[in-house]
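[1] Fold the following.
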Amino acid sequence: MDQDLLTFAVAAVIFVISWLLARWWVRRSVRQTPSMEEISPWVESLASQLPETMLNTAEIDKDLRRAGRYGAYAKQRLFALRNGLAIASILLAGLIVVYLGPDRNREVLWTIGIGLLLAIVGFTVPRVLLALEANQRVGRIRDALPDALDTIGMCLHGGISFQECLGYVGRELMPVHPDLALELLMVGQHTEVNSFDFALQQFAARIDAPEIVSLATLITQNQRLGTGIIDSIRDFADNLRLKRRQAAEAKAGRAELFLLFPVIFCLLPSILLILFGPPILSLIDFLTGPSSPLRIAR
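    Numbering: from 1, shown residues only. Now for the predicted structure:
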């Protein structure tokens, strides 16, 4: 049993060291230059070692955009990290199996199982972390959207065009809400290259949040119909704040239900023990003592 624990501990330590080395190597292999982004051929080769389905690749591209990773080789870096961890876990498990030899069958089986488990974990964890990072970034953008809309409304009220407002608001919000500020600056850049409707559609597709899609539709319809957009933006911002307040109240209401289970399973046994413990002990002493009616009846 001690040998099994030692084998598991050694495999876990090797896996963690491999994880850190793989991340450092991938980041070191990708170099940023003023003109272009370069990637090492080793990273590109490692990224193509394990096959990926078209559906999985599309989902990863979507999460990379939602997480704000717009680098040209962001997907290759992710694939290289996943494949490197999986391959390193299997190779390290094989080396340990060779070191143990054919006579220790139990330890060999444990090592193979742990190696496969670590390979699955190493292949899965980067994808899960990317999805969590994407959801957190989208949440920050949704929370910052009402403040940005208020600022855009004030700029529009001052006579500035909508395209100029995006650049100004993006620069002003950069210290406070960098995620939304970056997206607004990107919308402004896309507007210079293509139409404003196209830039809004790309913005909604990148973030893929209901609020962003509704905002893009609202702005597009107002511009096509020629109606006043300032009041529409203010009403939309107020509606977002109202929804956020209602969601917070609903979350606070659910907290009472969640607190019910710790009260039942943690506090209630202690209360029952305090209330009914002494009477039960007294009853046991009364029934088993020298003056017990059961002994007198005998």
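[2] The most centrally placed residue in the chain sits in which helix or strand?
    Centroid-nearest residue in the chain: L132, 0.7 Å away (criterion: Cα atoms, centre = their mean). Here L132 sits within helix 105-157, counting by DSSP states H and E.
[3] S232 too?
    Taking DSSP H and E as the criterion, S232 maps to helix 229-262.
[4] domains of the protein?
    Listed by automatic domain parsing, the domain ranges of the chain are 2-30+37-137, 140-243.
[5] what's near enough to touch the residue nearest to P146 when sequence neighbours are not counted?
    Once flanking residues are discounted, P146 sits nearest to A237: 4.4 Å by Cβ to Cβ, 6 or more residues apart in numbering. All C-beta atoms are positioned from the backbone trio N, CA, C, and that covers glycine. A237 is in contact with 145-146, 149-150, 153, counting by Cβ atoms under 8 Å, 6 or more residues apart in numbering.
[6] Average pLDDT for the host helix or strand of Q163, rounded please.
    In this structure, Q163 sits in helix 162-173 according to DSSP H and E. For helix 162-173, mean pLDDT is 84.
[7] Same check on stretch 251-264?
    According to the model, stretch 251-264 has a mean pLDDT of 79.
[8] coming back round to it: same list (the contacts of A237) but as JSON lines, adding neighbour count.
    Formatted as JSON lines, the contacts of A237 follow (neighbours: other Cβ atoms under 10 Å):
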{"residue": "L145", "neighbour count": "23"}
{"residue": "P146", "neighbour count": "20"}
{"residue": "L149", "neighbour count": "21"}
{"residue": "D150", "neighbour count": "16"}
{"residue": "G153", "neighbour count": "19"}
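[9] I'd like the residues you listed as CSV, with pLDDT and distance to L85 appended.
    Below are the contacts of A237 laid out as CSV (pLDDT from 0 to 100; distance: Cβ to Cβ, whole Å):
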residue, pLDDT, distance to L85
L145, 89, 36
P146, 88, 40
L149, 87, 42
D150, 86, 45
G153, 85, 48
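[10] would a markdown table of the residues you listed with distance to A80 be doable?
    Shown next, in a markdown table, are these (distance: Cβ to Cβ, whole Å):
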| residue | distance to A80 |
| --- | --- |
| L145 | 34 |
| P146 | 39 |
| L149 | 39 |
| D150 | 43 |
| G153 | 45 |
